[in-house]
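Engineer: Have a look at this prediction, sequence included:
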Amino acid sequence: MALELYMLGLITQDMGKALEFYRRLGLAIPEGSEKQTHVGVKMGSGLTFFLDSNPSRWDPGFVSKNEPGHLEAADSYRSVLEFYLETQEAVDTKYAELTGFGYQGLRTPYKTSFGMHFALIADPDGNTILLSGDLAASGTSKDA
């Protein structure tokens, strides 16, 4: 089976304003989402569109333009294309393969506190690509 885009994520500075815009656009944003820092909407195609106002929760290296130490807009990212590879091993293998071809690794593979294994890599145009897999599918606990 060919790899498919799993999620498209946008980093937002103001969740309330972003939710208002996307509701007006026509997305079915769940009620009460204004208090969340991560809001996902499953599209009819199976793709999940998400907004996130606190990406440092799942990417400890993320630097917001409002945080000390931020030098310029290119230091972090505004959007994320996520490709789900199912397992930790598949994420590690794909990351090694892509960096081996010379693509820029942005974050080496790492475990999240919520049971996922992530790695970030830049495509040739500098877009952020998130490779993801489940730790449980790998037989690895999230505490390992």
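Structural biologist: Received, thanks. Numbers count the residues shown, from 1 in each chain.

Engineer: what's the helix or strand of the chain at the bottom of the mean pLDDT ranking packed up against?
Structural biologist: Every helix and strand of the chain was ranked by mean pLDDT, DSSP states H and E. The lowest is helix 135-138, at a mean of 79. In terms of contacts (3 or more Cβ pairs under 8 Å, 6 or more residues apart in numbering; DSSP states H and E), helix 135-138 is packed against strand 79-87, helix 88-100, strand 116-122. C-beta coordinates here come from the backbone N, C-alpha and C atoms, glycine included.

Engineer: which stretch in these is the model least sure about?
Structural biologist: Mean pLDDT is lowest for strand 79-87 out of those, coming in at a mean of 90.

Engineer: what distance separates that one from the middle of the whole chain?
Structural biologist: 7 Å (Cα atoms, centre = their mean, to the nearest Å).

Engineer: tell me what it is packed against?
Structural biologist: Going by 3+ Cβ pairs under 8 Å, 6+ apart, strand 79-87 lies up against strand 7-11, strand 128-134, helix 135-138.

Engineer: Off-centre distance for the longest one?
Structural biologist: Spelled out, it's strand 128-134. With Cα atoms, centre = their mean, you get 7 Å for strand 128-134.

Engineer: and that strand, average pLDDT?
Structural biologist: 92.

Engineer: Quick check: neighbours of it in the sheet, parallel or antiparallel?
Structural biologist: strand 79-87 (parallel), strand 116-122 (antiparallel) (DSSP bridges).

Engineer: now the most far-flung residue of the chain relative to its centre, what's its secondary structure?
Structural biologist: For the chain, the largest distance from the centre (Cα atoms, centre = their mean) belongs to R24, which lies 24.0 Å off. With DSSP: H, G, I helix; E, B strand; the rest coil as the basis, R24 sits in helix.

Engineer: Low-confidence regions, this structure specifically.
Structural biologist: 63-76, 125, 138-144 (pLDDT under 70).

Engineer: what do you get if the cut-off is 80, keeping everything else the same?
Structural biologist: 1, 25, 60-78, 124-125, 127, 137-144 (pLDDT under 80).

Engineer: Give the other helices and strands that the one helix or strand L19 maps to contacts.
Structural biologist: According to DSSP states H and E, L19 maps onto helix 15-25. Other elements packing on helix 15-25 under the criterion 3+ Cβ pairs under 8 Å, 6+ apart are strand 38-42, strand 48-52.
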